[in-house]
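1. I'd like to go over a predicted model; first the sequence, then the structure.
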Amino acid sequence: MGSKRWVAVFDPVKMEIDKETRDAIKEAFEDLVKPVEINVFIGPNCRYCDETVKIAKVLEEEAPVKNGKKLVTMKIYEKDKHVDVFKKHGVERIPSLTLVEGRIKYTGTPSGEELRGLVETIIRISQEDSGLDETTVEKIKLIEKPVHVEIIVTPQCPYCPYAALLSNMFAYEAWRNGKTDFVSEIVEAYENPDIADKYGVTSVPAIAINGVLAFVGVPYEEDFIERIIDVVERRRTIKTEFLEGATGI
């Protein structure tokens, strides 16, 4: 699949956050407990940086205030001015948005359906509750090798937020337990066609683990964490598993 096809099909900049969506975010954010910081990474000649900043601002604006402070705040970092922060968060592309010191990373604009997954991710971090099964958490604690999960998504994919949320919560639990080399990266396909092409993506969500395409579709939590362990421990040859809950490009 050529990159031109990806760019031509969809323009995420057209995804506007209307009043109904703002109201839904505001209502969802009533469940926030502790502050969460959003980091937005931008730079020159960036087609969708303004869109990503707008989304982060909406999240900040719709968050409630506790003890005189917003429970969701944003910081903006520029490519030429904040090289150290880019490096610390593992950001190489713009726009990007990160949480928990870069262990959760959105490469590309988290618009459309992906906004739902981002909102839920923020809520769970704020509540310090990943929602994962305790067995899964214990397995995450035992992982001693670097993990890089890439969830390739599109803004109009209704299944993608579920895969993204699972991956994000894996990374969050790893981070909570002092494991800083577990990264969940949500990759917007239209803005990053080379990554989509690298894995031959024709349906999303497509899930790669340490450079190996493991799933197309949304896996069960147990299957997902087991596949991660299989990859990092090289327990067996990994073949791509095609699941229900995927949408074509």
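-> Done, it's in. Numbering: from 1, shown residues only.
2. and the residue nearest in space to the middle of the chain, bridged to which residues?
-> Nearest to the geometric centre of the chain sits Ile186, at 3.5 Å (Cα atoms, centre = their mean). Counting by DSSP bridges, Ile186 forms beta bridges with Tyr106, Ile151.
3. Just to check, it is in contact with Ile151?
-> Yes - using Cβ atoms under 8 Å, Ile186 is in contact with Ile151, at 5.0 Å. (C-beta placed from N, C-alpha, C; glycine too.)
4. tell me, what's touching those two both at once?
-> Common contacts of Ile186 and Ile151 (Cβ atoms under 8 Å, 6 or more residues apart in numbering): 164, 167.
5. low pLDDT regions in the chain?
-> Residue ranges of the chain with pLDDT under 70: 1-15, 235-249.
6. Where is the longest helix in it?
-> Using DSSP state H to define each element, the chain has its longest helix at helix 160-176.
7. export it as CSV, just CAs?
-> Presented in CSV, the C-alpha positions along helix 160-176 are these (Å, rounded to 0.1, in the frame of the first residue of the first chain):
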residue,chain,number,x,y,z
CYS,A,160,-9.2,1.2,18.0
PRO,A,161,-9.8,2.9,21.3
TYR,A,162,-10.3,-0.4,23.1
ALA,A,163,-6.9,-1.7,21.9
ALA,A,164,-5.3,1.6,22.7
LEU,A,165,-6.7,1.7,26.2
LEU,A,166,-5.5,-1.9,27.0
SER,A,167,-2.0,-1.1,25.7
ASN,A,168,-1.9,2.2,27.6
MET,A,169,-2.9,0.5,30.8
PHE,A,170,-0.2,-2.1,30.4
ALA,A,171,2.3,0.7,30.1
TYR,A,172,0.8,2.6,33.0
GLU,A,173,1.0,-0.4,35.3
ALA,A,174,4.6,-1.0,34.3
TRP,A,175,5.4,2.7,35.0
ARG,A,176,3.7,2.5,38.4
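8. Mind giving me the packing neighbours of that helix?
-> Contacts defined by 3 or more Cβ pairs under 8 Å, 6 or more residues apart in numbering; DSSP states H and E place helix 160-176 against strand 104-107, helix 114-127, helix 134-142, strand 147-153, strand 182-188, helix 221-233.
9. I'd like these as TSV, with distance to Lys75 appended.
-> Below are the helices and strands packed on helix 160-176 laid out as TSV (distance: least, Cβ to Cβ, whole Å):
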stretch	distance to Lys75
strand 104-107	15
helix 114-127	14
helix 134-142	27
strand 147-153	24
strand 182-188	19
helix 221-233	30
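10. of all these, which lies closest to Asp84?
-> strand 104-107 (16.6 Å; Cβ to Cβ).
11. Distance from the chain centre to the closest one, please.
-> 4 Å (Cα atoms, centre = their mean, to the nearest Å).
12. Ok, stretch 68-78 next?
-> 18 Å.
13. go on, stretch 219-238?
-> Distance, centroid of stretch 219-238 to centroid of chain: 19 Å (Cα atoms, centre = their mean).
14. List the buried residues for that stretch?
-> For stretch 219-238, a neighbour-count test (16 or more other Cβ atoms under 10 Å) marks 219, 224-225, 227-232, 238 as buried.
15. neighbouring contacts of that stretch?
-> Here stretch 219-238 makes contact (Cβ under 8 Å, 6+ apart) with 132-133, 135-136, 139-140, 143, 145-147, 149, 163, 166-167, 170, 207, 209-210, 212, 214-215, 241, 243.
16. List only buried entries from those.
-> 132, 136, 139-140, 143, 147, 149, 163, 166-167, 170, 207, 209-210, 214-215, 243.
17. Phe86 touches Lys79, doesn't it?
-> Yes - counting by Cβ under 8 Å, Lys79 is a contact partner of Phe86 at 6.5 Å.
18. before we move on, the earlier item: give me the angle between the longest helix of the chain and helix 114-127.
-> Counting by axes from the mean of the first three to the mean of the last three Cα atoms, to 10 degrees, helix 160-176 lies at 30 degrees to helix 114-127.
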